[in-house]
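Student: Structure, please.
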Amino acid sequence: QLVESGGGLVQNGGSLRLSCAASGRNFGSLAVGWFRQGGGKEREFVAAISSLGPGTRYADSVKGRFTISRDNAKNTANLQMSSLKPQDTAVYYCAARPTLGGTLSTYTDVSEYAYWGQGTQVTVSS
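Tutor: Below you'll find the model as predicted:
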């Protein structure tokens, strides 16, 4: 089970930190991704991190503004969001999946993930 938290209302240029808490004992074997969906659009990739952390990947739209991290000892993954823009407004979802092909593997497609959280709303006002 994945549970997101940390969403809310923030002004243009502000920051938020999203957290994803996972239950279970195998979190360290799971790759994690953050996705978002807003404004009638399809769910889109935001950031991903490999099971042990060193591998990360970002969507071009958030590169340099968002940072994904994880703490396997605490079964959590985080998304630090800075310089937020109104177009970042969306429901943000945490997702996880077993790692294949090595501990540096990251995944960017919605269909590649088996486990999803319920989402947390992020609204950036102009």
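
Student: give me the low-pLDDT residue ranges for the protein?
Tutor: Along the chain, the model assigns pLDDT under 70 to no residue.

Student: Not counting its neighbours along the chain, what's nearest the residue nearest the centre of it?
Tutor: By C-alpha atoms, centre = their mean, the chain has its centre lying nearest to residue 34, at 2.2 Å. Leaving out its chain neighbours, the residue that sits closest to residue 34 by C-beta to C-beta, 6 or more residues apart in numbering is residue 46, at 4.3 Å. No exception for glycine: its C-beta is placed from N, CA and C like everyone else's.

Student: Quickly list what the residue lying closest to residue 41 once chain neighbours are set aside is bridged to.
Tutor: Distances taken as C-beta to C-beta, 6+ apart place residue 90 nearest to residue 41, at 8.0 Å, with adjacent residues excluded. On the basis of DSSP bridges, residue 90 takes part in beta bridges with residue 122.

Student: same thing with residue 22?
Tutor: residue 2.

Student: Please determine how far it is located from residue 39.
Tutor: Residue 22 sits 28 Å away from residue 39, taking C-beta to C-beta, to the nearest Å as the criterion.

Student: So between those two, which is more surrounded?
Tutor: residue 22 (23 against 7; other C-beta atoms under 10 Å).

Student: got the contact list for the more buried one?
Tutor: 1, 2, 3, 30, 75, 76, 77, 96 (C-beta atoms under 8 Å, 6 or more residues apart in numbering).
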